[in-house]
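A.B. asks: Here is a sequence together with a model predicted from it:
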Amino acid sequence: MKQQLENIILSAFNKAIEKGDLKSPNKAQPVIEKPRQESHGDFSTNIAMASASIQKMAPGKIAGILVENIDDPNRIIEKTEIAGPGFINFYLTSDAWLSKLNSIHKQRERYGSSNLGNNEPVLVEFVSANPTGPLHIGHGRGAAVGDSIASILSFSGYDVKREYYINDSGRQIHTLGRSVYLRYCELLGQSIEYPTDCYQGDYIRELAQQEKDALQNMEADEAIPACAKKAAHQILDGIKSDLIDFRVTFDNWFSEQSLYDSGKIKNTFQWARKNDLTYDKDGAVWFRTESWGDEKDRVICKKDGQNTYFASDIAYHKDKFDRGFRRLIEVWGADHHGYIERLSAAIESFGKKRDQFDVVLVQLVNLLRNGEPVAMSTRAGEFVTLKDVVEEVGTDACRFLFLMRHHDSPLDFDLELAKKQSNDNPVYYVQYVHARISSILKKASQENMDNTCDTLNALNTSDDLRLIKSLTEFPETVKTSAIRLEPHRVAYYLTHLASLFHTYYNQNRVLSDDQSLTNARLFLVKAVQTVIRNGLTLLGVNAPESM
């Protein structure tokens, strides 16, 4: 609908230019928006004010000229109104809105999709938690955000792949092996002062118990690497299992160690040296990130010959582009904010543009129970795992509540609220719309009602049109979510649509003695069900037939 109005306004502008009423060229593009107040029409544009400086004319006069030159071949405009300093408000015909219902029924599960991405290859990397411990609820929020972004982009015409980067090399893996080995020594009755920099939590003791027999007769220098390899493998298996239960799957699991094993780290160092991107100073190797906008250059190989994590990251991101991806999207914890600039600089040094690399920062989750904080201590190893939360409240509630707020805002997650089967629970509130409509359609079928719809003219109340108008906003919501990488917009939209439907249902009978009205309203609520289902699918949430 917005596109049609944009075309109408541009046509009116061109016609006015041909007549000499307005100057050429017109640099102002029409912005069509939904007014905040329903009484101000269905859509509004500020193009008259935006072009006033070019036209050297009062906005109100420009608006008047445009309205006079409007050509509406499809007759979608019922009336126009010039308001305020020069806004043009559009009131559309009922037929224009009713025709959109046919589009929803025709497109069904593809309603809301688009070719925005033009099949551009995109890699979305998310979660990527170190295989040193189970996933916690913060990882869960990142998983929900990343997976939904990937789904929305795919629905919007991008060629999307999902990837998990496994940090299976370096200091943290050695620390994992050392942690398990020391707990093993404790099992043997040795008096051990367990270091605070080792991994805490009962899962380390469980891993040590499992390796008790295998570690017999091993010295520490042999046992620690063995513990590290086995523990990381087992933890990663647990992570994969938890993510499957959370409805998250990946196209590729990329090992950091593979960058060393394949020689890609070495090749990247050689490439960087050849292109004068590195230099030696104080016994270390530095990458010229400052030349590409970072606040200073960064070390990639320390004095002791050990590579930094940044070295791996440079090689990894270069490999992503070498694999043919034109755009990289990554979901990080908010505490990694300071890392964005140096990696952006490295990517620009590859000859890529900065807008080919996006980082989505996800803030912490505050876990509550009945409004009270759940005590957790990461240092003591006392944290709530994603698996614990999913088992208590279910995947649907977890995913929807994780996506209810903007990812860059802290999130309060109340376990008791998530379990409620009431309108206080947002996911229940939305899912119940789908289930209630399923019940309506089932009842209509049982009563042998003919739910074919020959005419939609019976949908002539303000309630009918308000619901239809909301349905037409779904494609634009998805498009905006794809452009801004903000899946919370879909969750918010679904909550708003659910609210409209619940109000509609409480005030209007769907099944009645008026067959024409019944058929039309069945057609309408089936469209609502389609949009609810499509939106929930993008968020990785089920659309139940009954509740």
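C.D. replies: Great, that's in hand. Note that the structure is predicted; figures quoted are calculated from it, not measured.

A.B. asks: just the helices in the stretch 401-547 of the chain please.
C.D. replies: Across the stretch 401-547 of the chain, reading from the start of the chain, the helices by DSSP state H, counting those that start in this stretch fall at 415-419, 426-446, 462-472, 474-484, 488-507, 515-538.

A.B. asks: Now do the first one: which elements does it pack against?
C.D. replies: Packed against helix 415-419, as judged by 3 or more Cβ pairs under 8 Å, 6 or more residues apart in numbering; DSSP states H and E, are the following elements: strand 365-369, helix 386-393, helix 395-402. C-beta: built from backbone N, CA, C; applies to glycine.

A.B. asks: Pick out the residue nearest the middle of the chain.
C.D. replies: Nearest to the geometric centre of the chain sits Ile149, at 3.1 Å (Cα atoms, centre = their mean).

A.B. asks: now the stretch 251-400 of the chain, which segments are flagged as low pLDDT?
C.D. replies: 376-383 (pLDDT under 70).

A.B. asks: And the strands in it, which stretches?
C.D. replies: With DSSP state E, counting those that start in this stretch as the criterion, the stretch 251-400 of the chain has strands at 252-255, 278-281, 284-287, 298-301, 327-333, 357-362, 365-369, 372-373.

A.B. asks: Give me the sheet partners of the third one and which way each runs.
C.D. replies: Right, strand 284-287. Using DSSP bridges, the neighbouring strands of strand 284-287 in the sheet come out as strand 278-281 (antiparallel), strand 298-301 (antiparallel).

A.B. asks: hang on, the earlier thing: did I read that right, the residue nearest to the centre of the chain in a helix?
C.D. replies: Yes. The secondary structure assignment for Ile149 places it in a helix, going by DSSP: H, G, I helix; E, B strand; the rest coil.

A.B. asks: Check which helices and strands the longest helix seen in the chain is in contact with.
C.D. replies: Once the chain is assigned using DSSP state H, the helix that runs over the most residues is helix 220-245. Judged by 3+ Cβ pairs under 8 Å, 6+ apart, helix 220-245 is in contact with helix 171-187, helix 202-210, helix 386-393.

A.B. asks: And the average pLDDT for it is what?
C.D. replies: Mean pLDDT, computed over helix 220-245, is 95.

A.B. asks: Next, the buried residues of it.
C.D. replies: Of the residues in helix 220-245, 223-228, 230-232, 234-236, 238-240, 242-243 count as buried by neighbour count, 16 or more other Cβ atoms under 10 Å.

A.B. asks: go on, stretch 69-88?
C.D. replies: Counting neighbours by 16+ other Cβ under 10 Å, one finds that the buried residues in stretch 69-88 are Asn69, Ile70, Asp72, Ile76, Ile77, Thr80, Ile82, Gly86, Phe87, Ile88.

A.B. asks: ditto for stretch 254-274
C.D. replies: By neighbour count with 16+ other Cβ under 10 Å, stretch 254-274 contains the buried residues Phe254, Ser255, Glu256, Leu259, Tyr260, Lys264, Ile265, Thr268, Phe269, Trp271, Ala272.

A.B. asks: Could you check how far the residue nearest to Trp292 when sequence neighbours are not counted is from Lys264?
C.D. replies: Beyond its immediate neighbours in the sequence, the residue positioned closest to Trp292 (Cβ to Cβ, 6 or more residues apart in numbering) is Ala345, lying 3.7 Å away. Taking Cβ to Cβ, to the nearest Å as the measure, Ala345 and Lys264 are separated by 20 Å.
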